[in-house]
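1. build the 3D model from these lines:
(chains A and B)
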Amino acid sequence: MVDQMTAKMRAAALIAAGMSAALLLAGCSGGTSSSAPTDAASGEPQKGGTVHMLQNADFSYLDPARGWDGGVNAFYRLLYRGLTMQAAGDADDPNAIVPDLAESLGEASDDGLTWTYTLKDDIAFDNGDPITSAEVKFGISRAWDPQIGIGSPYLKNVIDAPADYQGPYVSGEIPTIETPDDKTIVFHLKEPFPEFDNVLAQSNAVPFPLGTGGGDEFINDVIASGPYTLDSYTPGSTIKLVRNEYWDADTDDVRKAYPDAWQFDMGIDAATIEERMIAGQGGDVNAIAGKISGAALPRIQTPELQARAIKAPAFCTTYMSLNTTKAPFDDVRVRQAVNWALDRTTVQNASGGNQLADVATTIIPPAVNGHRDFDLYPATDEGGNAEEAQALLAEAGLGDGFEFTLDIRSQPAMQAQAEAVQESLEKVGITVKLNVIDTAIYYETIATPSKQNDAAITGWCPDWASSASTFIPPLFDGAMITEKGNQNLAQLNDPAVNARIAEVRAMTDVDEANAAWGDLDEQIMELAPIAPLVFENGIFLPGTNIAGYHPSTNMTDLTIIGLKDPSKG
Amino acid sequence: MTIPSTVIEVEATPGGDPVLAESLESRPAAGRKLLHGFLTDVPAMLSLGYIVLILLMAIFAPLIVLVSGWGPYEFDQTAIDPNMGAIPLGPFGGISAEHWFGVEPGSGRDIFARIAYGARVSMTVALSATFLTTILGVVFGLLAGYFGGWIDTAISRVMEFLMAFPALIFMIAILSALPSDNRIVLLVVVISLFGWPYLARIVRSQTLSLKEREFVESARASGASGAHIVFREILPNLTSTIVVMATLAVPGYIGTEAGLSFLGVGVVPPTPSWGQMIAAAAPWYAVDPMYFLIPGMFLFLLVLSFTTLGDRIRALIGSSEVRA
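-> The predicted structure follows:
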């Protein structure tokens, strides 16, 4: 197992040419796409042309204060600028946070409660109006509006504001964000938050002209600050973006904005998208799309398609939570036994094989900073370790096995994973009863402790990948257990873990904090509140004319993509 | 994949001619002739043979998988290629001496074992639903037809309500809303709830004409009770109708069960079901067509066999009556 992992990482290092060596990428061992990315990414992108993106669903919202998911965050980067942003997709560390509208990252006061930013010169909206600190402040304050501020919760959670503040349209200016002059903006926090730069890189921390965007104004039209602006929008069907002529490339270190226009073609059936990307005919040479399914993998083995395929590592962990408040999972030995018994290779195969998934033995995925590689429950060649599991079960007085109920979503991929879990636990006498819950109410059900059963299969992705601070605390902090919308599915409330989370959160040195998160990951896995299953990678198949494409399973950087030959297609 | 009950209703009407049915009952010789006709009818015998085969497969599934060597839930990681999206190794979906019908992509589960166990679900649901709808249909049809009046009005309105109801949508809604503890029972109940009026309507119309016949009149004149007339005089005359209707209803219910499983509201995984296998195979059609073809073929042949069998029985009853 260990050998295999190192081999994987070596292969991954090849794939991730240009990516940080410190960033551990779990890649493929089969070599399907080992040489592909460099090929696809070479052929320099040229200015001009239209890049198409094919997708099944419409974006959640054009208004960045409302939308908050991987797909729409990538889209927002084309339209909006914030004080800070995630680094370019081809950067050494694409998870890093870099300045955007601000001259530099924030300067914190000694007590960590006051953060000061200075704006760049020559920045403007798509109507030509300059962006000053007042507009930034106004845009950020929209997050407090009860109707509009339904996106990222970080601004509200971290920045100090009067308890009854309800956004600029109801309560007027936010009193706790200061703008001493046109270029300076000062934030006051509720309590020290060393990663405040990440908070301002969230999609809802963007400027808007004073007084705009009230009610439903930004549902069908927006005011852009990024390199593109909205040309037309047909909900559920197409979005066309054209250049924002007031965007000045000299003020932007990250966005390259090669194509003259972007077109998002939505509402296409997922299978159709896959067929079109494999065929790559006509205008589809200029198209990109989401990751391909396992069923398409054998079809892309031709040299021509292999040259196009690009593999991206997982940013999310698929895991099975074990409800620590209910017998028998209130006994740490039983939870450890489950971790020992699990044959993660069968789950990997059920998730599409070793190209599309890597076996997970840690909580934090390799692509997220803070990941440390370890395996507390190493498997034998037969898959899982039945002996260790049975010894622990016997010790816990469950030598004859037991039965538990596993909540799963009524979705084929997740059912396949659940069946693999069921099959591998059956070998040690643990009977798993699957409770299939409709997709529409699945997450609501398992996030309500009174409704969840003994275990559930779900996944977690970080809100930012530059540290594990949005990975470990939401899932394992005992203080975060709530009656509704609970993310600590295992309901782990361990004093030592809680205390350590608070300590690591307060660390101001990101590297030190990340090392500590990695250690905490292992400390938590000793308690086995969850059983990590797989890290699901993505394989992407861009059109032949696409260049500068660095897809990510978290957020693909659309701003550095261009066409090799803009006259094609 | 929908509920072709309306088709059954239309087709079944000629088979249930009360005059012919009555004469059948009264002449045992006609029964022997019918049996002979049935035994020499090639399509009927082929269909019956296939149905018996599937029935035996369903009943003896645990024994059969002992012979074939792989259980329906056993994963075989050596039969799939983890480097290639976990597709089966080898041609034709991994068909080999080890796995007679190949294996499932992703898990390596034996398709032969899952077909055998899937037959249990299909057969249990379809036959139970047919049994239940036949009982309900005959009882309510007789009641409405014989007693008439407000009983007839009430039953007829309920039947019309159920038949006009968008049954499939309601089934999906009810099955996804209810807890999934015992899906097979739920499937039978839900399918039967919407299935019985089709038979009941025909039973009712035949009872209406039968109760005016002389032999019923004479029974009534000799002082027979209502129950006696219904069960001893009228019901025997409906036998052939019921047999044909029931046979023709089975494929409809098999299709409905497969359809509901296909739509994700059938039996809970990992219990195999043909509909679920077809649904799971759909994305793999291009790389592993056998995975789709095998359950599809079994389902198609079973539905075809029941339909042919019902059709032949009806035709044979009709022709033997004419000859008699």
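
2. skip the chain neighbours and tell me the closest residue to the residue of chain B found nearest chain A.
-> Closest approach between chain B and chain A, counting by C-beta to the nearest C-beta: B:Gly85, at 3.2 Å. Just so you know, the C-beta spots here come from the backbone N, C-alpha and C atoms, and that holds for glycine as well. Among residues not flanking B:Gly85 along the chain, A:Leu297 sits closest, at 3.2 Å (C-beta to C-beta, 6 or more residues apart in numbering or on different chains).

3. neighbours around that neighbour, how many?
-> Neighbour count of A:Leu297, defined by other C-beta atoms under 10 Å in any protein chain shown: 23.

4. isn't it right up against A:Ile539?
-> Yes - here A:Leu297 reaches A:Ile539: they are 7.1 Å apart, a contact under C-beta atoms under 8 Å.

5. residues touching the residue of chain B closest to chain A, list them.
-> Residues near B:Gly85 by C-beta atoms under 8 Å, 6 or more residues apart in numbering or on different chains: A:294-298, A:352-353, A:355-356, B:105, B:287.

6. 6 Å - rerun?
-> If you count contacts by C-beta atoms under 6 Å, 6 or more residues apart in numbering or on different chains, B:Gly85 has them with A:294, A:297-298, A:352-353.

7. can you check the pLDDT for it?
-> At B:Gly85 the predicted local confidence, pLDDT, stands at 78.

8. wait, what's in contact with the residue in chain A that chain B sits nearest to?
-> Nearest residue of chain A to chain B: A:Leu297, at 3.2 Å (C-beta to the nearest C-beta). Under the criterion of C-beta under 6 Å, 6+ apart, the neighbours of A:Leu297 are A:355, B:84-85.

9. would JSON lines of these with distance to A:Leu563 be doable?
-> Shown next, in JSON lines, are the contacts of A:Leu297 (distance: C-beta to C-beta, whole Å):
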{"residue": "A:Gln355", "distance to A:Leu563": "28"}
{"residue": "B:Met84", "distance to A:Leu563": "31"}
{"residue": "B:Gly85", "distance to A:Leu563": "30"}
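
10. ok, so of those, who is nearest A:Gly429?
-> Set against A:Gly429, the nearest of the contacts of A:Leu297 by C-beta to C-beta is B:Gly85 (31.8 Å).

11. from B:Trp284, how far out is the closest one?
-> In this structure, B:Gly85 and B:Trp284 are 9 Å apart, going by C-beta to C-beta, to the nearest Å.

12. any weak-confidence spans in the stretch 1-150 of chain B?
-> Scanning the stretch 1-150 of chain B for pLDDT under 70 picks out B:1-30.

13. how about the residues of it near chain A?
-> B:75, B:82-87, B:106-107 (C-beta under 6 Å from any C-beta of the partner chain).

14. from the residues you listed, which land in strands?
-> Taking DSSP state E, the ones among the residues of the stretch 1-150 of chain B next to chain A that sit in strands are B:Ile87.

15. list buried residues within the residues of the stretch 1-150 of chain B next to chain A.
-> Buried members of those, scored by 16 or more other C-beta atoms under 10 Å in any protein chain shown, are B:75, B:82-87, B:106-107.

16. in JSON lines: the residues you listed, plus distance to A:Ala88.
-> JSON lines is the format used below for these (distance: C-beta to C-beta, whole Å):
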{"residue": "B:Phe75", "distance to A:Ala88": "43"}
{"residue": "B:Pro82", "distance to A:Ala88": "34"}
{"residue": "B:Asn83", "distance to A:Ala88": "32"}
{"residue": "B:Met84", "distance to A:Ala88": "33"}
{"residue": "B:Gly85", "distance to A:Ala88": "31"}
{"residue": "B:Ala86", "distance to A:Ala88": "34"}
{"residue": "B:Ile87", "distance to A:Ala88": "36"}
{"residue": "B:Gly106", "distance to A:Ala88": "36"}
{"residue": "B:Ser107", "distance to A:Ala88": "40"}
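
17. which stretches of chain B form strands?
-> B:80-81, B:87-88.

18. flag every residue of chain A that's near chain B.
-> A:30, A:294-295, A:297-298, A:346, A:349-350, A:352-354, A:410, A:415-416, A:419, A:423, A:434, A:436, A:438.

19. and if we set it to 8 Å?
-> Selection of chain A residues close to chain B by C-beta under 8 Å from any C-beta of the partner chain yields A:29-30, A:32, A:271, A:293-299, A:301, A:345-346, A:348-356, A:383, A:410, A:412, A:415-416, A:418-420, A:422-424, A:426, A:434-436, A:438.

20. quick one, what contacts the residue nearest the centre of chain B?
-> Taking C-alpha atoms, centre = their mean as the criterion, B:Val250 is the residue nearest the geometric centre of chain B, at 1.7 Å. The contact partners of B:Val250, taken as C-beta under 8 Å, 6+ apart, are B:126-127, B:130, B:306, B:310.

21. tell me how many other residues surround the closest residue to it other than its chain neighbours.
-> In space, and not counting its chain neighbours, B:Val250 is closest to B:Phe306: 4.5 Å by C-beta to C-beta, 6+ apart. When neighbours are defined as other C-beta under 10 Å, B:Phe306 has 26 of them.
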